[in-house]
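Q: here is my input, please return the structure:
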Amino acid sequence: YPDVERSYAISVAPWYHGMGTMSNLLNFPLRGYTQILMDRFEPMAYLDLVEKRKVTHMAGSPAMFNAILHTPGIENRDFSSVMRIGGGSAPFSVALVEHINKIFPNAVFCEAFGMTEVVCNAIFNPFNWTGLRKIGTVGIPIVDTDAKIVDLETGEKELPLGEDGEICLKGPQVMQGYLNQPEETAAAIRNGWMHTGDIGHMD
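A: So this is what the prediction gives:
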């Protein structure tokens with residue numbers, strides 16, 4: 001982003017959570033952005049800050065964006081400053097993404113998938129304007145990260161395209177384990193693969 005001095009990010013994600021720590025608290029200041037912090041989410045106050053401070057970067061969950069998009073008078077606000085919107089923590093419906101794109105017409109919406117155990121980041125849709133983004137998907141694995149879908153019964157058989165199963169991740173960001181919990185660690189990390197407990201499929 002060429003004009004870093006005019007880049008403003010707004011964050012309400014808790015800092016004990018992977019998204020709050022990695023995607024907000026560390027990410028934006030590292031890039032030189034001004035970060036606006038809210039101690040709790042209140043839709044009207046949030047939108048007031050986005051509009052008044054001309055926020056360029058936003059991120060949140062489907063529940064948060066549902067609340068935002070149903071705030072009275074949102075259609076009459078000026079959100080032309082918003083350039084990037086990150087989404088995660090739960091699946092975004094196609095209808096919700098389409099509504100976000102309508103209210104924030106200058107923004108690239110990027111849905112992603114991750115978890116605290118993989119330092120938040122694992123699978124992303126591209127954030128660049130010309131990148132291929134498929135609404136209803138979370139994108140492709142980030143650099144040096146592998147993903148696979150395995151059967152729910154044994155967690156060992158890799159499934160074909162289009163078949164639902166457990167999402168497994170492998171990469172340098174996978175945690176070493178849960179502190180003083182060897183059994184839980186062994187159940188979660190098998191042969192170097194993080195078994196997320198989340199269900200998905202590859203197209």
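
Q: how about the helices in the protein?
A: Assigned by DSSP state H, the chain shows helices spanning 18, 27-31, 43-52, 62-69, 94-103, 182-188.

Q: so for Val82, which of these sits nearest?
A: helix 43-52 (6.8 Å; Cβ to Cβ). Heads up, the C-betas are built off the backbone N, CA and C, glycines and all.

Q: buried sites along the lengthiest strand in the chain?
A: Determined from DSSP state E, the single longest strand within the chain is strand 193-200. Under the neighbour-count criterion of 16 or more other Cβ atoms under 10 Å, strand 193-200 has 193-196, 200 buried.

Q: about what we covered before: which one, of the helices of the chain, ends up nearest to Pro126?
A: helix 94-103 (14.8 Å).

Q: outside of the closest one, which residues touch it?
A: The contact list for helix 94-103, computed with Cβ atoms under 8 Å, 6 or more residues apart in numbering, reads 62, 65-66, 69, 74-75, 79, 85, 87, 92, 107, 109, 111, 135-136.

Q: low pLDDT regions in the protein?
A: Residue ranges of the chain with pLDDT under 70: 1-5, 18.

Q: would you map the strands across it?
A: For the chain, the strands defined by DSSP E cover 8-11, 34-37, 57-60, 84-87, 108-113, 123-124, 140-141, 146-150, 165-170, 189-190, 193-200.

Q: dump these to CSV, plus distance to Leu179.
A: Shown next, in CSV, are those (distance: least, Cβ to Cβ, whole Å):
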stretch, distance to Leu179
strand 8-11, 26
strand 34-37, 28
strand 57-60, 28
strand 84-87, 28
strand 108-113, 24
strand 123-124, 26
strand 140-141, 26
strand 146-150, 25
strand 165-170, 20
strand 189-190, 14
strand 193-200, 16
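
Q: returning to that earlier point: out of the buried residues of strand 193-200, flag the one nearest to Glu117.
A: Using Cβ to Cβ, the buried residues of strand 193-200 come closest to Glu117 at Met194, 6.1 Å.

Q: from Leu49, how far off is the closest one?
A: Computed with Cβ to Cβ, to the nearest Å, the distance linking Met194 and Leu49 is 36 Å.

Q: ok, Thr116 next?
A: Applying Cβ to Cβ, the value for Thr116 to Leu49 is 26 Å.

Q: before we move on, the earlier item: for the helices of the chain, which one sits closest to Leu159?
A: helix 182-188 (19.3 Å).

Q: tell me, what residue is most central in the protein?
A: The structure's the chain has its C-alpha centroid closest to Gly88; by Cα atoms, centre = their mean the separation is 3.2 Å.
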